[in-house]
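[1] need a 3D model of the sequence below.
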Amino acid sequence: MDQEHPAEQSPESASDDSTQPQVSAAAPEPQSVFPPGLTARVELTVSDVDTAQAVGSGDVPVLGTPRVLALAEAATVAATASRLPAGMTTVGMRVELDHRVPTPVGRTAVAQARLAKVDGRRLLFEVAVTEGATTVAEGRVERVLVDRHRFVERAQGTA
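    All right, here's what the predicted structure looks like:
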């Protein structure tokens, strides 16, 4: 069973990109809502459902890379959650992740995200996943601040 637990919170950077859904004019500036330096931490005790075998990313019984990525993204989401303006959310846009060390079932992986830069609506996070003193993975996750309703409508083709 997954045991992801948000702890601290911290947001990242955003930028205006015409290919992304637009933020409503009444929305506050992302830089004022999400100051760089915000952090968040989530944990996962690795179980059989988190393994590469279970998620289809390999045939070994260790924490699968898709679950490492999901854990890192969960930390970025936790970093922005308490500061999101009403009707807004963030969505993943780009990921760069190096998964370097296997984590066996029963061990606890901890993902930490730090908002490194805000560029318009784009939030750039630095992420690290550790198990004890060992760095399991590290990289960057970019999220974009969007109007939730408009984003869902656009995704469903109703906008």
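
[2] contacts and neighbour counts: CA atoms only from here.
    OK.

[3] helix, strand, or coil at residue 101?
    Judged by DSSP: H, G, I helix; E, B strand; the rest coil, the three-state class of residue 101 is coil.

[4] my guess is it contacts residue 138. True?
    No. At 10.5 Å, residue 101 does not count as touching residue 138 under the criterion of Cα atoms under 8 Å.

[5] more neighbours: these two, which one.
    Applying other Cα atoms under 10 Å to residue 101 and residue 138 shows that residue 138 carries more neighbours, namely 22 against 15.

[6] contacting residues around that one?
    Residues near residue 138 by Cα atoms under 8 Å, 6 or more residues apart in numbering: 97-99, 126-129.

[7] mind running it again at 7 Å?
    By Cα atoms under 7 Å, 6 or more residues apart in numbering, the contact list for residue 138 reads 97-99, 127-129.

[8] which strand residues bridge it?
    Per DSSP bridges, the residues bridged to residue 138 are residue 98, residue 128.

[9] that older thread, give me the buried subset of the contacts of residue 138.
    The neighbour count (16 or more other Cα atoms under 10 Å) marks 97-99, 127-129 as buried among these.

[10] of all those residues, which comes closest to residue 39?
    Sorting those by distance to residue 39 puts residue 127 at the head of the list, at 9.6 Å, by Cα to Cα.

[11] any figure for the gap between that closest one and residue 105?
    Distance of residue 127 to residue 105, given as Cα to Cα, to the nearest Å: 22 Å.

[12] okay, and the helix or strand of the chain with the least pLDDT?
    Scoring the helices and strands of the chain by mean pLDDT, DSSP states H and E places helix 30-33 at the bottom, with a mean of 76.

[13] check the offset of it from the chain's centre.
    Mean C-alpha position of helix 30-33 versus that of the full chain (Cα atoms, centre = their mean, to the nearest Å) differs by 18 Å.

[14] partner strands of whichever helix or strand comes after it and their direction?
    Later in the chain than helix 30-33, the nearest helix or strand by DSSP states H and E is strand 39-45. With DSSP bridges as the test, strand 39-45 is paired with strand 108-119 (antiparallel).
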